[in-house]
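Participant: I'd like to go over a predicted model; first the sequence, then the structure.
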Amino acid sequence: MQYTKLGRSGLNVSRLCLGTMNFGVDTSQEEAFKIMDAALDAGINFFDTANIYGWGENAGRTEEILGNWFALGGGRREKTVLATKFYGDMSDKNDGPNSGAGLSAYKLRRHLEGSLRRLQTDHIELYQMHHVDRSVSWEELWGGFEIAQQQGKIGYVGSSNFAGWDIAVAQGEAKARGHLGLVSEQHKYNLLCRLPELEVLPASQALGLGVIPWSPLDGGMLGGNALKATGRRSAGNQERIEKLRPQLEAFAQLAAELGSSEDVVALAWLLHQPAVTSPIIGCRTLEQFEKSLLAVELKLDEATLQRLDEIFPGPGGAAPKAYAW
């Protein structure tokens, strides 16, 4: 496994991040334990989750599974750089009028305590805002994060689904307080979704954030099975597949020429992007996890990267030169 710094922090994380969104939903606790054990064995030390995973009435279930795994001992917790997120509604009646999605110092404190309890730990290395909430001041948020850090409950702060200007404002407010600020931005980024190259990636690089791409396979569209779609797929997905068919077929041919598969090539492409720290691999099975490891070993030359740009064109670089002089 390869490692890199998480943004401008001194924390070393693996180049692949284990996503746990399926744990407790499509993946049983038993299978999740196998995947997490295999991840540590493979050198992956970076695990990502969120308080709402498990979804709906089962929100928090995924964190509980991680907590049960940590409780097995054997250095599992100590070897893991743990990241979780807050923003969504946890359906806690005790929140009263403060229920619902959003950010606040109140939610930060209550949701952090809930995550720590479910995860059976006393600290979280990376605590992330799952979405931006522009109705809340940065004075309030940074004040809440500073308290949690002083208490030793969190190490670093990250964002997710922020615009480039949100990142800039957050970092400016943090600097004014003498605070390190954000060290990461978790964002949707893949060969079919390259809009972040306009603003989010340049802002992250300039302001010291490592980008953690979620949905690196675009919900399976880049996983190789889209062209083998069955009747279970929604009409909307089928329409998109047909629209993308020429690109997906060209992509499949390129992957075959490389002696690889589409999913591995898609992950490897992300690892070649300078702003990217660790793509999130949201596997459902141990087999899927093991296959994802091949991405770290796959080196793409300039000719291959150019062909991928031709198949899946980006916005043309960063703003404003992507659309202006």
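Facilitator: Sure thing, it's come through. Numbering: from 1, shown residues only.

Participant: Whatever helix or strand Tyr127 lives in pairs with which strands, and in what direction?
Facilitator: Applying DSSP states H and E as the criterion places Tyr127 in strand 124-129. With DSSP bridges as the test, strand 124-129 is paired with strand 81-86 (parallel), strand 154-160 (parallel).

Participant: Which parts of the stretch 151-300 of the chain are helices?
Facilitator: 164-176, 200-207, 235-257, 262-271, 286-292, 294-297 (DSSP state H, counting those that start in this stretch).

Participant: of all these, which lies closest to Pro279?
Facilitator: helix 262-271 (4.5 Å; C-beta to C-beta). Backbone N, C-alpha and C define where each C-beta goes, glycine included.

Participant: tell me the mean pLDDT for the closest one?
Facilitator: In this model, helix 262-271 has an average pLDDT of 97.

Participant: ok and that helix relative to helix 235-257, angle-wise?
Facilitator: 80 degrees (axes from the mean of the first three to the mean of the last three C-alpha atoms, to 10 degrees).

Participant: list the helices and strands helix 262-271 packs on?
Facilitator: helix 235-257, helix 286-292, helix 294-297, helix 302-311 (3 or more C-beta pairs under 8 Å, 6 or more residues apart in numbering; DSSP states H and E).

Participant: Take these and write them to CSV, including mean neighbour count and distance to Leu11.
Facilitator: Output for the helices and strands packed on helix 262-271, formatted as CSV (neighbours: other C-beta atoms under 10 Å; distance: least, C-beta to C-beta, whole Å):
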stretch, mean neighbour count, distance to Leu11
helix 235-257, 14, 33
helix 286-292, 17, 22
helix 294-297, 16, 19
helix 302-311, 14, 28
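
Participant: any idea which of these scores lowest on pLDDT?
Facilitator: helix 235-257 (a mean of 89).

Participant: Touching that helix from outside, list them.
Facilitator: 191-192, 221-222, 224, 226-227, 229, 233, 261-262, 264-265, 304, 307-308, 311-312 (C-beta atoms under 8 Å, 6 or more residues apart in numbering).

Participant: Over to stretch 258-266?
Facilitator: Counting by C-beta under 8 Å, 6+ apart, 190-191, 216-217, 222-224, 248, 251-252, 254-255, 268, 291-292, 294-295, 298, 300, 304, 308 sit against stretch 258-266.

Participant: Identify each buried residue in it, please.
Facilitator: For stretch 258-266, burial by neighbour count (16 or more other C-beta atoms under 10 Å) applies to Leu258, Ser260, Ser261, Glu262, Asp263, Val264, Val265, Ala266.

Participant: now the fourth one, nearest residue through space, not along the chain?
Facilitator: Residue nearest to Glu262 in three dimensions, not counting chain neighbours: Gly224, with 4.0 Å by C-beta to C-beta, 6 or more residues apart in numbering.
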